[in-house]
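**Student:** okay, here's the prediction I keep looking at, along with the sequence it came from:
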Amino acid sequence: MSEAMLHVGLVGWADAAMARLETFTWLRRACVTTIIDTDGRRGRAAADAVGATFVVGSLEAALREHAAEFDAVVIRLPLAERERAIRLAAAAGKHVLAVAPIAATELATQAIFDDCSS
């Protein structure tokens, strides 16, 4: 039986070293379809490195214009922006994986878990 492919959007990964980005090309049952980054040129370079089709300037725009193109997001944003992105993606029904820590305090982290699992 063949398993479905998970389509992934990378949020904030475009500034990562290309060697790090290329690890996403090794995923067996997932493929990167969308790069979400505020710098279009950097986003396009990241998309080329991982074979993504779409480059979008914000998570809001990605969810509005390309939501059907990805099932999950991997979020690598500064801590101050992380919680909002996690909540936005979860509210849109996306699977969310984020670099740690996901919030500045344990209480804030628990609130995110509670809100996103309900």
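**Tutor:** Here it is on my side, so go on.
**Student:** quick one, helices of this protein?
**Tutor:** Secondary structure of the chain (DSSP state H): helices at 18-21, 40-50, 59-65, 79-91, 106-117.
**Student:** and V73, which of those helices is closest to it?
**Tutor:** If you check each of these against V73 by CB to CB, helix 79-91 wins as the nearest, at 4.7 Å. Just so you know, the C-beta spots here come from the backbone N, C-alpha and C atoms, and that holds for glycine as well.
**Student:** what's that closest one packed up against?
**Tutor:** Counting contacts by 3 or more CB pairs under 8 Å, 6 or more residues apart in numbering; DSSP states H and E, helix 79-91 packs against helix 59-65, strand 72-75, strand 95-98, helix 106-117.
**Student:** quick one, which of those is packed in tightest?
**Tutor:** strand 72-75 (a mean of 21; mean count of other CB atoms under 10 Å).
**Student:** list the helices and strands that strand packs on?
**Tutor:** Short answer (3+ CB pairs under 8 Å, 6+ apart): strand 72-75 packs on strand 6-11, helix 79-91, strand 95-98.
**Student:** most tightly surrounded among these?
**Tutor:** Most buried of these, by mean neighbour count (mean count of other CB under 10 Å): strand 6-11, with a mean of 22.
**Student:** for that one, which strands pair with it and how are they oriented?
**Tutor:** Here strand 6-11 has these sheet partners by DSSP bridges: strand 30-36 (parallel), strand 72-75 (parallel).
**Student:** let's test this: mean pLDDT of that strand, rounded?
**Tutor:** For strand 6-11, mean pLDDT rounds to 94.
**Student:** likewise stretch 21-32?
**Tutor:** On average, stretch 21-32 scores 78.
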